[in-house]
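**Q** The following block contains a protein sequence and its predicted model.
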Amino acid sequence: MKNKKGQVKIDFIFALVFFTVLIFYIGLQINAATGSSLADSKLDALKAESESILDVLVSSGGSPQNWETLPADKVVMVGLASAPYSISSAKLSALNSNCNLMNKFGSISYRLTASSGSAILLSCGYGGPRVTSMSERPVFVNGVYGKITLELW
């Protein structure tokens, strides 16, 4: 048997192509898993932030307690509660007339709504992309059952 130089066996070519395709496929799968993980992580962070902000709004009266009667530059923190989960209609009205007070929570893209029955009592923010984090709490407004919803994106 003579060894011919310059000739490559077909099994070697097949193994090389198979190995290349396999490495390429594994790389794509790792990239897809990482991208999905990052998106899930961002949504989890938004959910935690929306829960935190909504908890402050429905369980705190804000700082100072009479912030609704003060100019915007004197308001430290916005809170809507006269008691936990019982919303003050005066604070709701004050926030509705000056939605910029939500900037006290940092630079957020949001939509905040409060309703009682079919009436919308508060609408701040604007519509955003379809993928958002939404938190909702049941509340009482002047003794009437309602809900407050915060969406972040």
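**A** Received, thanks.

**Q** Poorly predicted segments of this protein, please.
**A** 1-8, 130-131 (pLDDT under 70).

**Q** which residue is nearest the centroid of it?
**A** Note on the chain: the residue nearest the mean C-alpha position is L46, at 2.9 Å, using Cα atoms, centre = their mean.

**Q** quick one: what helix or strand has that residue in it?
**A** In this assignment (DSSP states H and E), L46 forms part of helix 10-59.

**Q** Now do that helix: which elements does it pack against?
**A** When contacts are defined as 3 or more Cβ pairs under 8 Å, 6 or more residues apart in numbering; DSSP states H and E, helix 10-59 packs onto strand 77-78, strand 81-83, strand 133-141, strand 144-152. No exception for glycine: its C-beta is placed from N, CA and C like everyone else's.

**Q** Relative to N66, how far out is the nearest residue to the residue nearest to the centre of the chain once chain neighbours are set aside?
**A** Counting by Cβ to Cβ, 6 or more residues apart in numbering, S133 is the residue found nearest to L46 once chain neighbours are left out, at 3.6 Å. Separation of S133 from N66 (Cβ to Cβ, to the nearest Å) stands at 31 Å.
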